[in-house]
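need a structure here:
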Amino acid sequence: MPTLPKVEDLDYIQFLLAAQTAFSCVEAASSQRGAQDEPPAHDAYTRLLLRQPPDTEALWQETQPLVDTACGLLVLDDSTLDKPHAQHMALVHKHWSGKHHRRVLGINLVPLLWTDGAAKLPIDCRLSNAPVDGVDKNQHFRAMLKTARERGFSPDYVGFDSWYSGLDNLKAIRFQGWQWLTRVGSG
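Okay, here's the model as predicted:
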């Protein structure tokens, strides 16, 4: 008889909405109580993420009632989830890490957040797997902006770091009719 999952996708989405700062399976597990007031093991969340295909529409359905699409800021800054010992794990490639100031093995997460200055809510995200699928972080950035426009967003500004300050990205933001805020990279 198969073992029933200890956590469901809604458990993880609600954790992401509530967490605001720490987004790890360990943190998700510690924030939930199980049947006997024991939290599920962090591996329960890891297994959940492995069996669920990425579904940004489910994330959007949860956050949509909490955002005001007519104002606020859209913020994008990718993050490398370190996986230094994962030589043969899906999605693990060499990525730049601001934490380590060098390229490291890890998974590159590209989230798009909406904020009104108080709340910070994820409205879209992508996993960068460019060596396999050929879609780089900049292409994900432009796709998420297009999706945000389709969802009715009209932010005061779109903020991002200089990695995303290439001409194609700046044109994509202006095409949406939005203002941007970043440091322009040199060279």
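
in the biggest helix by length in the chain, what counts as buried?
Taking DSSP state H as the assignment, the helix of the chain that covers the most residues is helix 137-150. The neighbour-count check on helix 137-150 (16 or more other C-beta atoms under 10 Å) flags 137-145, 147-149 as buried. Using the backbone N, CA and C atoms, a C-beta is placed for each residue, glycine as well.

so where's this structure uncertain?
Per-residue confidence for the chain (pLDDT under 70) gives these ranges: 1-2, 20-24, 33-39, 42, 45, 48-54, 185-187.

and what about the spatially most central residue of the chain, helix, strand or coil?
Closest to where the C-alpha atoms of the chain average out (C-alpha atoms, centre = their mean) is P111, at 2.6 Å. Taking DSSP: H, G, I helix; E, B strand; the rest coil as the rule, one finds P111 in the strand state.

okay, and the closest residue to it other than its chain neighbours sits in which element?
Once flanking residues are discounted, P111 sits nearest to C125: 4.2 Å by C-beta to C-beta, 6 or more residues apart in numbering. Following DSSP states H and E, the helix or strand that holds C125 is strand 120-128.

equivalent analysis for E27, please.
Per DSSP H and E: helix 25-30 holds E27.

buried residues of that helix, list them for me.
Buried, per 16+ other C-beta under 10 Å, within helix 25-30: 25, 28-29.

likewise for stretch 156-164?
Buried residues in stretch 156-164 (16+ other C-beta under 10 Å): 158-160, 163-164.

likewise for stretch 7-19?
7, 9, 11-13, 15-16.

just those residues: which are in helices?
Filtering the buried residues of stretch 7-19 for helices - DSSP H - leaves 9, 11-13, 15-16.

which one of these is nearest Q87?
Closest to Q87 out of these is Y12 (26.4 Å), distances taken as C-beta to C-beta.

might one say that the residue nearest to P111 is in contact with V110?
Yes - using C-beta atoms under 8 Å, C125 is in contact with V110, at 6.5 Å.

which of these two has more residues huddled nearby?
Shown here are C125 and V110; by other C-beta atoms under 10 Å, V110 has more neighbours (22 against 18).

that one and A130, how far apart?
11 Å (C-beta to C-beta, to the nearest Å).

try D68
Distance from D68 to A130, by C-beta to C-beta: 33 Å.

have a look at the two and say which one is more surrounded.
Neighbours per residue (other C-beta under 10 Å) separate D68 from A130, with A130 holding more: 15 against 12.

tell me the phi and psi of the more buried one?
Here is the backbone geometry of A130 (degrees, to the nearest 10): phi -50, psi -40.
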